[in-house]
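# Let me see the structure of the following:
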Amino acid sequence: MSHIGLLKAAPGAEPALQALLVQRFPELIFLPVSDALAAIARILSTLTNAVAIVGGLAVLSGVLVLAGALAAGRQQREADAVMMKVMGATRADIVRAYLVEYGLLGTLSALLATLLGGFSAWAFVTLVLEIGFRLDAGLVVLVVLGAVTLTILTGIIITWSALSTRPAQFLRSE
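Okay, the predicted model is just below:
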């Protein structure tokens with residue numbers, strides 16, 4: 001017959017207490033649970049860092065894909081800017097139109113990514129790891145705002161040259 005018990009000692013007092021108990025009861029076996037818990041905490045911390053890095057890479061690759069898509073449509077943007085200028089739009093009007101367009105594009109993309117990412121994270125954490133899931137709403141809002149801002153900035157940088165296109169010069173070349 002075996003008996004199992006738990007013993008909690010003050011931090012740093014474990015070795016002395018273990019030595020005292022083994023001296024008095026030589027058949028005792030000690031299993032250091034705190035070491036196991038510390039190892040699990042290190043593994044979870046590493047996993048959290050890995051997930052954060054992968055998430056950052058996903059955001060970066062998404063921005064690069066977006067930049068590529070916007071660059072591919074650069075000629076169309078120039079044509080749109082020229083048509084807006086011919087119809088009487090000022091540079092500020094065109095910038096506002098692009099801000100709205102890129103803002104909506106960034107918002108829709110970020111919200112879709114948040115929904116898909118949040119659902120995937122919930123499914124993995126609750127179904128695979130079988131632990132509780134908590135979504136940090138503040139962090140999600142911060143990431144969505146950052147993604148929208150990054151989308152707007154990327155779009156404006158890539159289409160800035162379209163704003164400088166002179167209507168007569170562009171129409172002659174078409």
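
# Now do the contacts for the residue sitting nearest the centre point of the chain.
The residue lying closest to the centre of the chain (C-alpha atoms, centre = their mean) is Gly55, at 4.4 Å. Going by C-beta atoms under 8 Å, 6 or more residues apart in numbering, Gly55 touches Gly117. For the C-beta atoms, the positions are set from N, CA and C on the backbone; glycine is no exception.

# name the element it belongs to?
Using DSSP states H and E, Gly55 sits in helix 33-72.

# Check Leu116 too.
Leu116 belongs to helix 91-123, assigned by DSSP H and E.

# angle of that helix against helix 33-72?
Helix 91-123 and helix 33-72 meet at an angle of 150 degrees, taking axes from the mean of the first three to the mean of the last three C-alpha atoms, to 10 degrees as the criterion.

# Quick check: buried residues in the helix or strand just after helix 91-123?
Tracing the chain past helix 91-123, the next element assigned as helix or strand by DSSP H and E is helix 137-164. For helix 137-164, burial by neighbour count (16 or more other C-beta atoms under 10 Å) applies to 143-144, 147-148, 150-152, 154-155, 158-159, 162-163.

# Would you mind pulling up the elements that helix 137-164 packs against?
Packing partners of helix 137-164 (3 or more C-beta pairs under 8 Å, 6 or more residues apart in numbering; DSSP states H and E): helix 33-72, helix 74-86, helix 91-123.

# Save those helices as CSV, and put in mean pLDDT and distance to Ile131 too.
As requested, those are arranged in CSV below (pLDDT from 0 to 100; distance: least, C-beta to C-beta, whole Å):
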stretch, mean pLDDT, distance to Ile131
helix 33-72, 78, 9
helix 74-86, 79, 47
helix 91-123, 85, 11
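
# got CSV for the ones you listed, with distance to Leu7 too?
Supplementary listing: these in CSV, determined by distance: least, C-beta to C-beta, whole Å:
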stretch, distance to Leu7
helix 33-72, 10
helix 74-86, 70
helix 91-123, 38
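
# highest average neighbour count across the ones you listed?
helix 74-86 (a mean of 16; mean count of other C-beta atoms under 10 Å).
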